[in-house]
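Novice: Make a model of this:
(one chain, ligands or ions: 1)
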Amino acid sequence: ASYRPLKGRHVLVTAGPTWEAIDPVRYIANRSSGKQGFAIAAAAAALGAKVTLVAGPVSLRTPEGVTRVDVESAEDMAKAVKRALPADAAVMVAAVADWRPKEYRGEKIKKRGSAPPALMLTENPDILTNLAAGKDRPELVIGFAAETDDVLANAKQKRKRKAADWIVANDVSGDVMGGDDNLVHIVSESGVETLDQMPKRDVAMALAERIAATLKAEAAE
Ligand code: C5P
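Specialist: Purely as a prediction, here's the structure:
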């Protein structure tokens, strides 16, 4: 018999960047590769969960046993997350763009030799915060925090501000973004657990195992 501690559970994962369109040919994006989120989806599926992976634009293969929903913008990602509920655990790994262009131009903005156009931005919805505060709140809500400085202090604040159960903090001052290794700290109400630096797939499995253990413990209460 195989080891399937997440059997019967629905795990929702967001991954990748978002693209915020300026006009039909231009967009604002970020350097997220989606690798860590895809690895978490794969690990949860390997442990027996039903997994919905809401993915921004990335060039990665869908992990085995995972239902993938492709989206482009933060607003689309927010809708896809809502549609995927209910879930037992949500792992929000996507690097959602903080801002999008205030207006989308339906036609390509022309150059015309005049001054460059000004880009006005507006704030995107915070998918994690809305999920953690919403009526269909998963039992376990996990956010990620990519930080370059004061990693732990920022992660602790973020956990409270976003009402997440855990924040997985990673130090991206090095070459973590797009790389194959990750070094993470799991910040929860009970403290901080720092994992060794290891491949993203091992980080993913360590997290999936902790998710399984926590859901099991809560079910037993
Ligand atoms: O505040 P910051 O963007 O650093 O928070 C990161 C966490 O919040 C990640 O889990 C990310 O997926 C989530 N987030 C979100 N929607 C946003 C911004 C961030 O879900 N608009």
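
Novice: what helix or strand is residue 159 on?
Specialist: Per DSSP states H and E, residue 159 falls inside helix 151-161.

Novice: quick one: low-confidence ranges for the protein?
Specialist: 1, 174-178 (pLDDT under 70).

Novice: One more pass at 90, please.
Specialist: 1-2, 31, 111-115, 146-148, 170-181, 217-221 (pLDDT under 90).

Novice: Show me which strand runs longest in it.
Specialist: strand 140-147 (DSSP state E).

Novice: tell me the angle it makes with helix 151-161.
Specialist: 140 degrees (axes from the mean of the first three to the mean of the last three C-alpha atoms, to 10 degrees).

Novice: So residue 23 versus the ligand, what's the distance?
Specialist: From residue 23 across to the ligand, the span is 22 Å (C-beta to the nearest ligand atom, to the nearest Å). C-beta coordinates here come from the backbone N, C-alpha and C atoms, glycine included.

Novice: quick one: strands adjacent to the helix or strand following the helix holding residue 159?
Specialist: For helix 151-161, the succeeding helix or strand toward the C-terminus, using DSSP H and E, is strand 166-171. Here strand 166-171 has these sheet partners by DSSP bridges: strand 140-147 (parallel), strand 184-188 (antiparallel).

Novice: Which residues are in contact with the residue nearest the centre of the chain?
Specialist: Note on the chain: the residue nearest the mean C-alpha position is residue 93, at 1.7 Å, using C-alpha atoms, centre = their mean. Taking C-beta atoms under 8 Å, 6 or more residues apart in numbering, we find residue 93 in contact with 13-15, 36-37, 40, 144.

Novice: can you check residue 173 too?
Specialist: Counted by C-beta under 8 Å, 6+ apart, residue 173 has contacts 148-149.

Novice: one more time with 10 Å
Specialist: Residue 173 sits next to 146-149, 151 when contact means C-beta atoms under 10 Å, 6 or more residues apart in numbering.

Novice: Correct me if wrong, but residue 39 is in a strand.
Specialist: No: read with DSSP: H, G, I helix; E, B strand; the rest coil, residue 39 is helix and lies in no strand.

Novice: From residue 22, how far out is it?
Specialist: 31 Å (C-beta to C-beta, to the nearest Å).

Novice: who in this structure is up against the ligand?
Specialist: Taking C-beta under 6 Å from any ligand atom as the contact definition, the chain meets the ligand at 14, 74, 92, 94, 96, 124, 126-128, 143-145, 158.

Novice: what about the closest residue in space to residue 171 that isn't next to it in sequence, neighbour count?
Specialist: Among residues not flanking residue 171 along the chain, residue 151 sits closest, at 5.1 Å (C-beta to C-beta, 6 or more residues apart in numbering). Counted with other C-beta atoms under 10 Å, the neighbours of residue 151 add up to 20.

Novice: Can you report how many residues lie near the residue lying closest to residue 95 once chain neighbours are set aside?
Specialist: Distances taken as C-beta to C-beta, 6+ apart place residue 32 nearest to residue 95, at 3.6 Å, with adjacent residues excluded. By other C-beta under 10 Å, 25 other residues sit near residue 32.
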